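Asks: Got a sequence here, can you build the structure:
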Amino acid sequence: MDPVWIVVLVVIGLLVVVAIVMYNGLVSRRVETQNAYSQIDVQLKRRYDLIPNLVETVKGYATHERETFENVVKARTAAMNATGVADKAAAENQLTGTLKTLFAVAEAYPELKANQNFLALQEELSATENRIGFSRQHYNDVVSQYNTTLLSFPANILAGMFGFRPAEFFQLDAAEAAAVRQAPKVKF
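Replies: Sure thing, here's the model as predicted:
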């Protein structure tokens with residue numbers, strides 16, 4: 001066999017191996033992204049399960065706050081039915097806003113604030129919100145790695161051939177993002 005053909009076959013073989021490794025890397029990153037998103041879903045389900053108990057506890061003390069309760073229930077339903085990362089993020093931001101309103105209502109009722117069930121639910125919801133935050137952060141980190149790999153040369157050529165698409169980030173809404181970026185005010 002001619003040495004030129006041997007070199008050509010070796011180069012083709014190396015290109016095939018590189019393509020296989022890049023493809024498997026893209027698949028691995030995409031699966032990791034999907035897994036990170038499912039972890040957000042797990043924490044959101046915990047949140048959805050806590051909300052009815054919280055609403056019922058507050059209802060017992062604040063019976064005339066019907067509109068607030070309805071808004072929380074509507075926001076919870078919308079969040080549970082949202083599909084896609086952007087829709088889910090928007091629905092979750094809306095639900096967070098209605099929960100803040102619910103807690104503001106609770107502030108007006110000292111007996112409620114002292115209720116052990118309410119305190120336990122509030123603590124559980126707070127812990128769940130922290131888990132959701134960590135899950136979002138992990139998801140966005142994984143999406144960043146996936147998108148970077150996807151858009152880097154030469155993987156972008158292979159990604160385009162096999163239909164890999166960039167993943168969406170799970171983002172805060174503008175008002176919540178602005179609140180997070182502001183320094184807290186401390187008074188003594």
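Asks: Find the centremost residue of this structure, please.
Replies: The residue lying closest to the centre of the chain (CA atoms, centre = their mean) is residue 136, at 3.9 Å.
Asks: Next, the contact list for residue 33, please.
Replies: The contact partners of residue 33, taken as CB atoms under 8 Å, 6 or more residues apart in numbering, are 139, 142-143, 146, 167. All C-beta atoms are positioned from the backbone trio N, CA, C, and that covers glycine.
Asks: Out of these, list just those in helices.
Replies: When those are checked against helices using DSSP state H, the ones located there are 139, 142-143, 146.
Asks: Would you mind checking those residues for buried ones?
Replies: Listed as buried from these are 139, 142-143, 146; burial here means 16 or more other CB atoms under 10 Å.
Asks: can you list these in JSON lines and add distance to residue 73 and pLDDT?
Replies: Supplementary listing: those in JSON lines, determined by distance: CB to CB, whole Å; pLDDT from 0 to 100:
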{"residue": "139", "distance to residue 73": "27", "pLDDT": "96"}
{"residue": "142", "distance to residue 73": "32", "pLDDT": "96"}
{"residue": "143", "distance to residue 73": "31", "pLDDT": "96"}
{"residue": "146", "distance to residue 73": "35", "pLDDT": "96"}
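Asks: and stretch 111-118, how far out from the chain's middle?
Replies: Averaging C-alpha coordinates over stretch 111-118 and over its chain gives two centres that are 30 Å apart (CA atoms, centre = their mean, to the nearest Å).
Asks: Over to stretch 79-96?
Replies: With CA atoms, centre = their mean as the basis, stretch 79-96 stands 9 Å off its chain's centre.
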